[in-house]
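Peer 1: Below are the sequence and a predicted model; questions follow.
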Amino acid sequence: MGVQLRRKFTTRTRWRNETANQGTDPLRIYDPSGSDSLDELVRIVRRAEKERCTVRAVGSGHSWSDVTLTGGFLVKTHGLNRVLDVGAEPLREGVDKRHLVYTEAGIRLRELNRALDQNNLALSNMGGYDAQTVAGVISTSTHGSGLDFGPIADSIRSLDVVGSGGTVYRIEPDRGPTDRGAYEARHPERKLVQDDRWFNAAVVGMGCMGIVYAAIVTVERKYWLKEVRTLSTWSQVKPGLLAGDVPRHKRHYELLFNPYRRNGDNRCLVTTREKVPQPSGAGWAETHRNLLPEIAGSVPFITGRVLDFLAGLRPSWTPGMLDWTLNAIADDEYTDIGYRVLNIGTANLLPAYSAEIGVPIDGRHVEAVERIIEIAERHRRLGSIYHTSPISLRFVKASPAFMSMMHGRDTMMIELIQMTHTEGGFELLGEYEEALYALGGRPHWGQVNTLTGSHGFVESMYPRYRDWQDVHGKLNASGVFNSPFSKRVGIMASRFVP
Ligand SMILES: Cc1cc2nc3c(=O)[nH]c(=O)nc-3n(C[C@H](O)[C@H](O)[C@H](O)COP(=O)(O)OP(=O)(O)OC[C@H]3O[C@@H](n4cnc5c(N)ncnc54)[C@H](O)[C@@H]3O)c2cc1C
């Protein structure tokens, strides 16, 4: 009955993000696909400007923050999923096309990985999941772990973007791969911008820099990784982190820790991944991740709900449950094709939400962990509020992208996941956030955060903010890519120049 009534009286189609913690009623929803899709994007932007409303592209809706919301037109991009022919692009002579892929930007990483695999190629790195789109991950500076790698945005060489006025831009660094003469002859109506400042501004654009239609991405030969997950404690890993060099010893290095001290210390799980030769006749045990949690997690509805339910029902069991979880996922034998190992698997399906904050690796990163332990303990003691998931520490190389959380500094990303029904979960995330901002923290744009435009806060976090705004003022000259998010964080372009 309720559903019928809603059908009858609802005139707008609701859009929700994947975890359904964000929703919006856009004026219209578009779903371009096929060979006409770039022209369709141009028409959508022009129509929005004509109607004096806004437009926002969304990828897979895997952001927990409000970064996808719009009160105007919403453009779904999963139809932009073709891998295009890089060989047919007008590139400079000498550019090594064998390690470049040209793809529409709404393709999910998992589809791209499969296409690359078939050609013996692979992304050099990715985050722990593969359901996001190419444009989605670059727009929020999504990252994996390993100090040889910046965020995924740093593997982009060229972006095709529909900006304000419906202008199609190709934006690249100074020495971008495209040959200007050949490009301009082929596309006289488009604009080729080869300029580091433009590129570093546009690439992490949070949907404010136009609609990304396609990208040229650097890839490498297909490779295999061996993952090892070893139990440890905070007091054992801390000296190596303080020295700053331990995360550099392996291609990929990351940590999970229990914020609650049990038996005098905080349990940690150290994960490392190294390239290995393709296993020949690999044994069954070596090519599967620890089966216990994978089997349990393969029924995510049941397992996830049970964990979520226990966190809500018996919060005081949380510290013990977190130790149990870390014990259960320790594993010393998992070898597979790189992208399968980088995807952390069924943990992505848990009913959860998350905040993630990047702090510089300069000593403040260790202080940050100790502040988190202190805050978690204080909230447990005073308000029976618990942190209901292990906390993750990942290490990312400094990025040139102006609005990347890793801009200008090697960064430790602290991911603060909470099970959906955690009582006081957002309250705890808010406390961490404040403490970590005081240590130079910057919030992940796609994850829960409460940053606002007050006190010039965003500008104080990002030294090249003015440059970003300068380019933003051109790509978003009419304000057509403004959104509730850009308004909240105070980065909105002035709206609709008459
Ligand atoms: C289960 C899970 C695991 C995750 N793992 C990681 C991780 O390991 N590392 C990490 O850093 N983050 C991680 N995240 C966060 C996630 O990667 C980011 O929020 C990412 O931006 C989501 O990509 P999406 O394709 O879903 O984009 P959306 O969430 O749909 O959009 C994100 C932003 O990109 C913009 N956008 C999307 N498409 C376009 C386009 N074509 N043109 C212009 N703008 C566009 C949107 O407007 C929005 O501002 C995870 C999230 C989830 C839910």
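Peer 2: Ah, there it is. Numbers count the residues shown, from 1 in each chain.

Peer 1: Next, work out how far apart A182 and the ligand are.
Peer 2: Remark: distance between A182 and the ligand (CB to the nearest ligand atom, to the nearest Å) = 25 Å. (Each C-beta comes from the backbone N, C-alpha and C, glycine too.)

Peer 1: for that residue, what are its contacts?
Peer 2: P90 (CB atoms under 8 Å, 6 or more residues apart in numbering).

Peer 1: can I get the CA coordinates of stretch 133-148 in PDB?
Peer 2: The C-alpha trace of stretch 133-148 is given here as PDB (Å, rounded to 0.1, in the frame of the first residue of the first chain):
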ATOM      1  CA  THR A 133      34.100   4.100 -12.100                       C
ATOM      2  CA  VAL A 134      37.200   5.600 -13.600                       C
ATOM      3  CA  ALA A 135      35.900   9.200 -13.300                       C
ATOM      4  CA  GLY A 136      34.500   8.500  -9.800                       C
ATOM      5  CA  VAL A 137      37.900   7.300  -8.400                       C
ATOM      6  CA  ILE A 138      39.900  10.100 -10.000                       C
ATOM      7  CA  SER A 139      37.400  12.800  -9.000                       C
ATOM      8  CA  THR A 140      37.800  12.100  -5.200                       C
ATOM      9  CA  SER A 141      41.400  11.000  -5.200                       C
ATOM     10  CA  THR A 142      40.700   7.400  -4.400                       C
ATOM     11  CA  HIS A 143      43.900   5.500  -3.500                       C
ATOM     12  CA  GLY A 144      45.400   2.200  -2.500                       C
ATOM     13  CA  SER A 145      48.400   1.700  -0.400                       C
ATOM     14  CA  GLY A 146      52.200   1.700  -1.200                       C
ATOM     15  CA  LEU A 147      54.500   4.700  -1.100                       C
ATOM     16  CA  ASP A 148      55.600   4.200  -4.700                       C
END
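
Peer 1: and it, is it in reach of the ligand?
Peer 2: Yes - under the criterion of CB under 6 Å from any ligand atom, the ligand is reached by stretch 133-148 at T133, A135, G136, V137, S139, T140, T142, H143.

Peer 1: same thing with stretch 74-87?
Peer 2: Yes - counting by CB under 6 Å from any ligand atom, contacts between stretch 74-87 and the ligand involve T77.

Peer 1: Just the buried residues of that stretch, please?
Peer 2: Neighbour counts using 16 or more other CB atoms under 10 Å place L74, V75, K76, T77, H78, G79, L80, N81, R82, V83, V86 of stretch 74-87 among the buried residues.

Peer 1: List the beta-bridge partners for the first one.
Peer 2: Listed beta-bridge partners, L74: I29, R56 (assigned using DSSP bridges).

Peer 1: now do the same end-to-end measure for stretch 184-192.
Peer 2: This stretch, stretch 184-192, spans 8 Å end to end (CA to CA, to the nearest Å).

Peer 1: quick one: which of the residues of stretch 133-148 next to the ligand is nearest the ligand?
Peer 2: Taking CB to the nearest ligand atom as the measure, the ligand lies nearest G136 of the residues of stretch 133-148 next to the ligand, at 2.0 Å.

Peer 1: what's near enough to touch the closest one?
Peer 2: By CB under 8 Å, 6+ apart, the contact list for G136 reads V58, G59, S60, H62, S63, T142, G446.

Peer 1: now do 7 Å
Peer 2: Counting by CB atoms under 7 Å, 6 or more residues apart in numbering, G136 touches G59, S60, H62.

Peer 1: Same list, those, but only the ones touching the ligand.
Peer 2: G59, S60, H62.

Peer 1: Now do the same contact list for the last one.
Peer 2: In this case it means H62. Counting by CB under 7 Å, 6+ apart, H62 makes contact with E18, A131, Q132, G136.

Peer 1: what residues does this protein put near the ligand?
Peer 2: Contact residues (CB under 6 Å from any ligand atom) of the chain with the ligand: 18, 56-63, 67-68, 77, 105-106, 127-129, 132-133, 135-137, 139-140, 142-143, 206-207, 211-212, 348, 444, 446.

Peer 1: Identify the residue nearest the geometric centre of the chain.
Peer 2: Nearest to the geometric centre of the chain sits T142, at 2.7 Å (CA atoms, centre = their mean).

Peer 1: tell me the SS of that one?
Peer 2: Under DSSP: H, G, I helix; E, B strand; the rest coil, T142 falls in the coil class.

Peer 1: isn't it right next to P151, touching?
Peer 2: Yes - in this structure, T142 is within contact of P151 by CB atoms under 7 Å, at 6.3 Å.

Peer 1: so what does the longest helix belonging to the chain touch, helix or strand wise?
Peer 2: Longest helix in the chain, counting residues (DSSP state H): helix 364-383. Judged by 3 or more CB pairs under 7 Å, 6 or more residues apart in numbering; DSSP states H and E, helix 364-383 is in contact with helix 234-243, strand 252-262, helix 425-437.

Peer 1: tell me the most buried of these?
Peer 2: Stretch with highest mean neighbour count among the helices and strands packed on helix 364-383: strand 252-262 (a mean of 22; mean count of other CB atoms under 10 Å).

Peer 1: mind checking how far F149 is from W445?
Peer 2: 19 Å (CB to CB, to the nearest Å).

Peer 1: Could you do T133 as well?
Peer 2: Using CB to CB, T133 is found at 15 Å from W445.

Peer 1: which residue sits closest to the residue of the stretch 201-350 of the chain found nearest the ligand, ignoring its sequence neighbours?
Peer 2: Closest residue of the stretch 201-350 of the chain to the ligand, CB to the nearest ligand atom: G207 (2.4 Å). Distances taken as CB to CB, 6 or more residues apart in numbering put R56 closest to G207, at 5.3 Å, once the chain neighbours are dropped.

Peer 1: Same check on L84?
Peer 2: That would be Y102: by CB to CB, 6+ apart, it lies 4.5 Å from L84.

Peer 1: wait, isn't that neighbour in contact with V86?
Peer 2: Yes - between Y102 and V86 there is a contact under CB under 7 Å: 4.0 Å.

Peer 1: which residues do those two both contact?
Peer 2: With CB under 7 Å, 6+ apart as the test, Y102 and V86 both reach I216.

Peer 1: Please verify my assumption that N476 contacts T167.
Peer 2: No - between N476 and T167 there is no contact under CB under 7 Å: 11.4 Å.

Peer 1: what about these two, which has more around it?
Peer 2: N476 (24 against 18; other CB atoms under 10 Å).

Peer 1: State the pLDDT value of the more buried one.
Peer 2: As predicted, N476 sits at a pLDDT of 97.

Peer 1: try T450
Peer 2: In this model, T450 carries a pLDDT of 96.

Peer 1: That one against E433, yeah?
Peer 2: Yes - contact criterion CB under 7 Å: T450 and E433 qualify, at 6.2 Å.

Peer 1: quick revisit: closest to L225 out of the buried residues of stretch 74-87?
Peer 2: When the buried residues of stretch 74-87 are compared for distance to L225 (CB to CB), V83 wins out at 23.1 Å.
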